[in-house]
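Peer 1: What follows is a predicted protein model with its sequence.
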Amino acid sequence: MTAYSDLAHLCEKLESTSSRLKMRDLIAEFLRRLAQNEVSVCANLIVGRIFPESETLSLGMSFQSIFRVMAELGLPRQAYDRAYAKAIDAGEAVRIMLEGTNVRSTHLSVLEVYECITRIGEAQGKGSKGQKEEIFRQLLSRVDATEAKYITKSMLGEMRHGVSEGIMLDSVAQAAEVSPELIRRAHMLIGDVGKLARIALMKGEKALLDVAPVLFQPVRPMLAQPARDLEEAWHLLKGKLALEYKYDGARIQIHKDGRKVRAYSRRLTDITEAFPEIVEEFAKLRVNRILLDGEVIGVDQDGRPLPFQHIMRRLTRVHAIDRIMKKVPVELHLFDCLMIEEELLVDSSYEKRWKVLSDTVPGRQLAKRSIPQSLDEARSFFDSAEEEGHEGIVAKGISTTYTPGARRNSWLKVKLADTVDLIILAADWGYGRRHRWLSNYHLGVLDRTTGEYVPVGKTFKGLRDREFQSLTEQLLSLEVGRRGKTIYVEPKIVLEVTYNEIQRSPRYSSGLALRFARVTRIRSDKSPGEVTTLKALRSLYQKESQKKGRITDL
């Protein structure tokens, strides 16, 4: 059996290197030594995941839970807070706290640690909080400081050693001596890096070649690359394209086998219970086996699209489904078919997949679509999407295949983009490859009434590595305080930011939040007093609202 200390020491080595190739080599060497029943567990733990993405089980442990456990070990919260102030995450703080104590490792195996963590997730119902904390306390009492660090990191999803899922896939390919391309294709269809690693290392190339979508095992959805504008999309696809409305809703994957129907989200979680009306309708569909891809949106009584927040209410509501169905009715817009009966379609052309789709499902459930013969026709279709309150359009190459889980230039999204100038109020240390940089920025606008900057969102998207590094140096020089992984700074640095939508937000004192904010450039030419004002942002929100549907609050 592999000792958990071996995995913890591997993570220490990974944390100390910035070389992607060195990380790959270290992980591949580790994977080769594992027993068959350890591969899946270790692959997931290394990338900071306890359970597969499609697993609904969660640990239910928070910072507060960890505070209480540390106190039970005779370590007061005040001491923990001091340690946390020196660290960039909870795991490192736990290591600092346990160093020098009498706790010694009893050489638990990886599987023993995993079994303890799984028991934490399985503890449910009355008294479960205490049960979870007791299991965690017992676990910490049996490991050393370094092991405790990575157990905590895994449980909170804060690995910060720079290993992305892409590096893990390269490591699996090297350990199994198969091509990275084969590994990536299999991963797209399986969706679980742990299961993929087990198949690759234990069964080899032939098993990977035989991997195919299986009903009720969700497939990673194909994603679209952003295009600057419609002209760029037209040029990249050489005018041989179809255009579809880009809907501002929730991605939905529908699996049907006989009367059994399940629905899955973009993140591969089961969302069947959230949409009983869709499930009921598809159970009656005159086809036995099918796997469909699409988007579900909320609509008002006039059929206008509702803001994204409302469809999220459907996704997160567990109780009183009948009531929420009446408040937030939905429309389904399907745009792809990955399997019908026994025929797999992911390697078929978009043209064929659309024909199968349109011949199988009711026309009202299809995404609105056009095959423009000229750029002027394409612009007219784009204008229609905007006028009807949608996000924009997706341009798809007519002859292209479906590539699960990947972004390809064969799908290009063109969205309505507004920009605002925002001030950085604080920043968090990043994850994965960005763990050495302050790269998640807390952004604000200027409230001229009070003269204060008020928060409107966060983003880590849009900048290059050298820009993250440069901003980290600047932000640290402007530091005015810190709490945990967050560094608070003087409001001096201005960023130009695009966004998808402005939403109401009770979380922020501004009352507004930007959805899908992305940095387009650093505005070193602008002073803090020139950033977008709260009044201007409210005006933009009102303008957006005029094109969206409305419902009363739930």
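Peer 2: Looks like it came in fine. Residues are numbered from 1 along each chain as shown.
Peer 1: tell me the SS of the most centrally placed residue in the chain?
Peer 2: Among the residues of the chain, the one closest to the centroid is residue 267, at 6.9 Å (CA atoms, centre = their mean). Under DSSP: H, G, I helix; E, B strand; the rest coil, residue 267 falls in the coil class.
Peer 1: That one reaches residue 52, doesn't it?
Peer 2: No. When contacts are counted by CB atoms under 8 Å, residue 267 is not listed as touching residue 52 (11.1 Å). All C-beta atoms are positioned from the backbone trio N, CA, C, and that covers glycine.
Peer 1: so residue 400, which of the three states?
Peer 2: Here residue 400 is coil, with the state taken from three-state DSSP.
Peer 1: Quick one: residues contacting it.
Peer 2: 349, 350, 408, 410, 411 (CB atoms under 8 Å, 6 or more residues apart in numbering).
Peer 1: try 10 Å this time
Peer 2: Applying CB atoms under 10 Å, 6 or more residues apart in numbering to residue 400 gives the contacts 222, 237, 240, 241, 349, 350, 351, 353, 408, 409, 410, 411.
Peer 1: again, but for residue 362
Peer 2: Applying CB under 10 Å, 6+ apart to residue 362 gives the contacts 281, 285, 332, 334.
Peer 1: Mind giving me the PyMOL select for the residues you listed, buried ones only?
Peer 2: Entered in PyMOL, the line below selects the buried ones among the contacts of residue 362, by 16 or more other CB atoms under 10 Å:
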select buried, resi 285+332+334
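Peer 1: quick one: which of the contacts of residue 362 sit in strands?
Peer 2: Mapping the contacts of residue 362 onto strands (DSSP state E) picks out 332, 334.
Peer 1: Just name the closest of the contacts of residue 362 to residue 508, please.
Peer 2: When these are compared for distance to residue 508 (CB to CB), residue 332 wins out at 32.1 Å.
Peer 1: nearest spatial neighbour of the residue nearest to the centre of the chain, skipping sequence neighbours?
Peer 2: The spatial neighbour of residue 267 that comes closest, neighbours along the chain excluded (CB to CB, 6 or more residues apart in numbering), is residue 53 at 6.1 Å.
Peer 1: quick check: domain ranges of this structure?
Peer 2: If you go by automatic domain parsing, the domain ranges for the chain are 4-156, 223-414, 418-545.
Peer 1: how about the ones you listed, which one is nearest residue 182?
Peer 2: Closest among those, once you apply CB to CB, is domain 223-414, at 13.9 Å.
Peer 1: so where's the stretch 251-400 of the chain uncertain?
Peer 2: Applying pLDDT under 70 to the stretch 251-400 of the chain flags the ranges 317-318.
Peer 1: just the helices in it please.
Peer 2: 276-283, 308-316, 321-327, 350-360, 375-387 (DSSP state H, counting those that start in this stretch).
Peer 1: Mind checking those for the one nearest to residue 10?
Peer 2: Using CB to CB, the helices of the stretch 251-400 of the chain put helix 308-316 closest to residue 10, at 36.6 Å.
Peer 1: picking that back up, surely the residue nearest to residue 267 meets residue 220?
Peer 2: Yes. Counting by CB atoms under 10 Å, residue 53 touches residue 220, with 8.8 Å between them.
Peer 1: Pull the number of nearby residues for residue 299.
Peer 2: By the criterion of other CB atoms under 10 Å, residue 299 has 19 neighbours.
Peer 1: Was I right to think it contacts residue 328?
Peer 2: Yes. Under the criterion of CB under 10 Å, residue 299 makes contact with residue 328 at 8.4 Å.
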